[in-house]
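S.K.: Pasting the sequence and the predicted model now:
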Amino acid sequence: MPTVLPTGVPVPTGDGTNVATDLAAPWSIALLADATMLVSERDTGRVLEVSASGAKHEVGRVAGVVHAGEGGLLGLATRAGFCDGNPRPDPAAGCLDVFAYLTTATDNRIVRLPLMGGAGSRSLGPATVILQGIAKAGNHNGGRIVFGPDGMLYATAGDAGNGSSAQDPSSLSGKILRLTADGGVPADNPFPGSLVYSLGHRNVQGVAWDSRGRMWASEFGQNTWDELNEIKPGRNYGWPMVEGMHQGDLAQFTDPVLVWPTDQASPSGIAIRGTTLYMAALRGERLWVIDLAGRPRAQAFLTGRLGRLRDVVFAPDGRLWVMTNNTDGRGSPASGDDRIVAFNLTPS
């Protein structure tokens, strides 16, 4: 894997500036149009509103969250919603819905909740289940949800410790799912009548699109190789028969674009601007910057400086916000952890 980026790729510089501190096992950031953000706390089930100045406000707790192992309140996504069930729409942005991926006592599921009120006083309305029955486990729950450029909701479902389910087209486990905002099956999904968009995944936790319309996903390997995959509809990415690049007579599987030893990555959230991808690494305790313009190249930044990294997003002012994950039971929390840290980006 090439480890030196070409000239001109934007990379993080300086020590960074704390945007928010003292978060408890945060998992996902959903940025709102007014530059505030919603942050999920995995273990407590809380959704926090965090202002650009770092002020925190509890928007609400998602009912039914049961934290165990890696399960709990995971991914968040937002989109313009209908005003049904929302008596207090945002005076600036109108009616918004929050989508949340959570672990319950029986499964993983996705719910939709109206976001009520304006900045500094937002609250959550009652939840509507749009998808349930995704297998849960102590680990490999997936959990990332994001609306794609096509307006569809993409959700990553881990294999829940049952690798064979990733190859079972009738199972939701070990898949990237594509659904409508109401939980329906889009007519143009690759498998008729199925939410499955791609299969053969172990535990995808990052999804984003580049400026060329290509979809990318970061994926946890087992003991050998973590992956960055270009996702195409209907493709099979090989797990559990393949970890990393396939060998021998396994041409039916799609290879990753890049791989890393698991101690250098264990990737979670990703963000893309143009054709530059930024990938948060948990066990690897670093930020991978990946140039996708030509032959993919990756270089590590922030190695060991912030600890475990869970999510990354672009701020409205162009800076990169990086969220740590040192209070999740596997890290070594420093004073102020967990935090969201803003970095300026400078061409390499």
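M.R.: Structure's in. What do you need? Predicted model, so just to flag it, every value in this text is computed and none were measured. Numbers count the residues shown, from 1 in each chain.
S.K.: for the biggest strand by length in the chain, which positions count as buried?
M.R.: For the chain, the strand that runs over the most residues, judged by DSSP state E, is strand 10-20. Going by neighbour count (16 or more other Cβ atoms under 10 Å), the buried part of strand 10-20 is 10-12, 16, 19-20. Using the backbone N, CA and C atoms, a C-beta is placed for each residue, glycine as well.
S.K.: by contact count, what packs against the next helix or strand after it?
M.R.: Using DSSP states H and E, the helix or strand that follows strand 10-20 towards the C-terminus is strand 26-31. Contacts defined by 3 or more Cβ pairs under 8 Å, 6 or more residues apart in numbering; DSSP states H and E place strand 26-31 against strand 37-41, strand 73-80, strand 309-314, strand 320-324.
S.K.: hmm, back to that, mind putting the buried residues of strand 10-20 in CSV, distance to Val185 and pLDDT included?
M.R.: Conversion of the buried residues of strand 10-20 to CSV gives the following (distance: Cβ to Cβ, whole Å; pLDDT from 0 to 100):
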residue, distance to Val185, pLDDT
Pro10, 38, 97
Val11, 41, 98
Pro12, 40, 98
Gly16, 42, 97
Val19, 38, 95
Ala20, 37, 96
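S.K.: Kindly indicate which of those lies nearest Tyr154.
M.R.: Pro10 (25.2 Å; Cβ to Cβ).
S.K.: if I look at that closest one, how far off is Ala271?
M.R.: 12 Å (Cβ to Cβ, to the nearest Å).
S.K.: For Asp43, grab the count of nearby residues.
M.R.: 18 (other Cβ atoms under 10 Å).
S.K.: Oh, that last question was meant for Asp317, not what I typed.
M.R.: 10.
S.K.: so what's it up against?
M.R.: By Cβ atoms under 8 Å, 6 or more residues apart in numbering, the contact list for Asp317 reads Ala35.
S.K.: and what of His140?
M.R.: Contacts of His140 by Cβ under 8 Å, 6+ apart are 70, 158-161, 202-203, 220.
S.K.: ditto for Val322
M.R.: 12, 16, 280, 287, 302, 306, 309, 311-312, 340-343.
S.K.: Output the below-cut-off pLDDT ranges for the protein.
M.R.: 1-3 (pLDDT under 70).
S.K.: Now with 80, please.
M.R.: 1-3, 81-87, 89-94, 246-250 (pLDDT under 80).
S.K.: Can you check the distance spanned by stretch 52-60, start to finish?
M.R.: End-to-end span of stretch 52-60 (Cα to Cα, to the nearest Å): 19 Å.
S.K.: Show residues contacting that stretch.
M.R.: For stretch 52-60, using Cβ under 8 Å, 6+ apart, the contacting residues are 18-21, 35-36, 38, 46-51, 113, 115, 120-124, 315.
S.K.: 7 Å instead?
M.R.: 18-21, 35-36, 38, 46-50, 120, 122-124 (Cβ atoms under 7 Å, 6 or more residues apart in numbering).
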